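Student: could you look at this predicted model? Sequence included:
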Amino acid sequence: MAKDASGLPAGLVGMFPHLTAEQREMTARLCAPPTSQAHLFGSWPASPPSDADARDRLLGLVRQLEAMDGSYPSGGLPGYVANARELLGRSRRGENPLEGWAPEVPRGEAFEVGSARWDAVEPRGRSLLGKCGFVLVAGGLGERLGYGDIKIGLPTELATGTVYIRYYVETILAYQAKYAPVGIRLPLCIMTSGDTNARTVALLKANGYFGMDPDQISIVQQGEGVPALADNAASLVLDPENPHRILAKPHGHGDVHALLYSHGVARRWLSDVGMEYAVFFQDTNGLAFHCLPLALGVSDELGLAMNSIATPRKAKQAIGGIVMLVKGGGEERTINVEYNQLDPLLRATGHPDGDVNDPDTGFSAFPGNINQLLFKLEPYVAALDRTRGAMPEFVNPKYADADKTVFKKPTRLECMMQDFPTVLEGADASRVGFTSIPAEVCFSPVKNAVVDGVALQARGTHPGVAATGEADQHCAVRLFLRSVGCTVEEAAPATFDGITAVPGPEVVLKPSFVSCPSEYREKFLNPSSVKISARSSLVVEGSGVTVESLDLDGALVVKCEDGASGSIRDVVVKNKGWVKVADEDSSDEVIKMRGYTLNKIETRTIVFRKDGSVEDDGATL
């Protein structure tokens, strides 16, 4: 590689007149020891190309490096290379990142639906729902699901066709209407990626932001990724398909914290908007908000700076566990520990049986992490100000040789948003806990294609497909209805395109009607007089409606206009209802990924108008 007197590649120096002063300084830092990445410019011609397009192609690499340097919160690209060398060295030496830590049962509480303890804690959290900002981590396309658009544009269920982002916004707006002080708007921040940003903005604009004010929503875009690494020296890799581009790989959802810092979102929520909590949730889990008021109650009761919403976890189950790690001198942190690390860690620290189930509960003492996080904003913002939102990183190279000197393919540094406890300090570091809730009512992500879901289901694992996501949403509502005393039958399991799930009854209670489990008692005034058959479908929408007595065997849609009120009393419905029909070859991606369509054969509709009238299937009563 030809170099000039400065020690820089001659081709880079030749291009200096075409670079800004900042770009010259950045590339010089990148090439000089100890970062030593001059190979990136080794093929550049000593003299700048006379062709403007050829020069622009070379400059494209500089612009990409400049963006990566500016977006990496821990010292730019030189910091990235230094961190990579350190982590790669630890990996090569086989060092255990948990060495010196001993696991203990974390601080928190597990709940059962309908229990007296749930009923006692949730009201405490309901009073805090109007003080929350919401962070939606939504950087993914639906390609893995067989969907050609962004995942938050997928319908959560076919009964109403409500897409995920609409459901999330409607829930936040319901909290705002019911629990926020007058004039306070609850903010939403969406983390997008280069793949999803433009489509997310277009979806919001095309639908009038689903009822939110446009300035209620902040969008922060994750960068294209971090540079791929070729070897233990952390040599950055040029894209083999384009020598004027760095091969970039995803850095992980831990970037969300750095984005909330760099865009000033979290501080603005705390200082200007008056929020007290930040709620983090992911793109296609339609059960995410059922547990929020309960988790807020736990956070308030225990004074938690961070609360991981979790699910009961079987010992050795392939899901990370929430664990309190303690070290001599009183240091502690409560954090997710991956399942393949937890069992050996327990065995190495005086627990010869490793990760085992508690005989009283039938579950491990370490609940399962599902990446639904709740932060108290004041300590969260303080940690962001100190760290710029940088999360601890890890590297997972796949070696091609026993000496661990050759990679099978380029690797990269990664980070995860649930590792935030590692940057908490002082008293805040011990104010971390969990709220464990049955997965049936809080966690059913839609992330897999049908073929993958079939294979998972055959192994006894939840398939995580569109059909089960829909079925689980209806199941959760049925559980809450039964918990307050309603009679709700259960349909027999059905199989569509190889996926078996309980198809009904389908019950969609819109957030304007109920947005918290404890609100069911306020809306179903005489639950012993509510009966829903196994083949039924029920949709209820509107804040002013209540249900006193209902005998449903078919399909019923109830709507209550804003400003109206009404009650379902002595209503008996028996009609042909709605039926799922197998359709595995549909050209509609939404149908194909489920394996069925919903045939709405016969429906009774009752509408309460704000002028006081009631329409029942078009007849004014």
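Tutor: Yep, that arrived.

Student: so Tyr147 touches Met593, yeah?
Tutor: Yes: using CB atoms under 8 Å, Tyr147 makes contact with Met593 at a distance of 6.5 Å. Where you see a C-beta, it was placed from the backbone N, CA and C, and this is true even at glycine.

Student: residue ranges of each domain in this structure, please.
Tutor: Domain assignment of the chain by automatic domain parsing yields the ranges 10-71, 92-441, 464-620.

Student: who has more neighbours out of Tyr147 and Met593?
Tutor: Neighbours per residue, other CB atoms under 10 Å: of Tyr147 and Met593, the larger number sits with Met593, 22 against 19.

Student: check contacts around the residue nearest to that one when sequence neighbours are not counted.
Tutor: What sits nearest to Met593 in space, not counting adjacent residues and going by CB to CB, 6 or more residues apart in numbering, is Ala466, at 4.5 Å. Applying CB atoms under 8 Å, 6 or more residues apart in numbering, one finds that Ala466 lies in contact with 145, 154, 446, 590, 593-594.

Student: helices along the stretch 101-250 of the chain, start to end?
Tutor: Taking DSSP state H, counting those that start in this stretch, the helices of the stretch 101-250 of the chain run over residues 116-126, 164-179, 197-206.

Student: buried residues, the first one. List them.
Tutor: When neighbours are counted by 16 or more other CB atoms under 10 Å, the buried residues of helix 116-126 are found to be 118, 121-122, 124-126.

Student: ok, the longest one next?
Tutor: Applying a neighbour-count criterion of 16+ other CB under 10 Å, one finds 164-176, 178-179 buried in helix 164-179.

Student: nearest to Ser193 among these?
Tutor: Of all the buried residues of helix 164-179, Ser193 sits closest to Ile165, with 15.2 Å by CB to CB.

Student: spatially central residue for the chain, please.
Tutor: Against the mean C-alpha coordinate of the chain, by CA atoms, centre = their mean, the closest residue is Gln282 at 1.7 Å.

Student: so that residue sits against Leu373, correct?
Tutor: No: the criterion here is CB under 8 Å, and Gln282 misses it with Leu373 at 10.0 Å.

Student: where are the low-confidence patches of the stretch 1-150 of the chain?
Tutor: 1-6 (pLDDT under 70).

Student: what ranges do the strands span in it?
Tutor: 102-104, 108-110, 132-137 (DSSP state E, counting those that start in this stretch).

Student: what sits up against the longest one?
Tutor: Strand 132-137 is touched from outside by 152, 165, 168, 172, 175, 186-191, 253, 256, 260, 265-266, 269, 273, 275-283, 292, 296, 377, 417, with contacts defined as CB under 8 Å, 6+ apart.

Student: let's go with 6 Å and repeat that
Tutor: Contact with strand 132-137 is made by 172, 187-191, 253, 256, 269, 275, 277-280, 282, as judged by CB atoms under 6 Å, 6 or more residues apart in numbering.

Student: any idea how far stretch 416-428 is from the middle of the chain?
Tutor: Distance of stretch 416-428 from the chain centroid (CA atoms, centre = their mean, to the nearest Å) equals 18 Å.

Student: now that stretch - C-alpha only, CSV.
Tutor: What follows is stretch 416-428, C-alpha atoms only, in CSV (Å, rounded to 0.1, in the frame of the first residue of the first chain):
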residue,chain,number,x,y,z
MET,A,416,-29.3,-5.2,24.0
MET,A,417,-31.7,-2.8,25.6
GLN,A,418,-32.4,-5.0,28.6
ASP,A,419,-28.7,-4.6,29.7
PHE,A,420,-29.5,-1.1,31.0
PRO,A,421,-29.0,-2.1,34.7
THR,A,422,-25.2,-2.3,34.0
VAL,A,423,-25.1,1.5,33.7
LEU,A,424,-27.1,2.3,36.8
GLU,A,425,-25.0,3.5,39.7
GLY,A,426,-25.4,4.0,43.5
ALA,A,427,-28.8,3.4,45.0
ASP,A,428,-30.4,3.1,41.6
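
Student: return the helix or strand in the protein with minimum mean pLDDT.
Tutor: When the helices and strands of the chain are scored by mean pLDDT, DSSP states H and E, strand 619-620 comes last with a mean of 42.

Student: which strand runs longest in the chain?
Tutor: Across the chain, the strand with the greatest residue count (assigned by DSSP state E) is strand 368-376.

Student: tell me what angle it forms with strand 132-137.
Tutor: Relative orientation of strand 368-376 versus strand 132-137 (axes from the mean of the first three to the mean of the last three CA atoms, to 10 degrees): 140 degrees.
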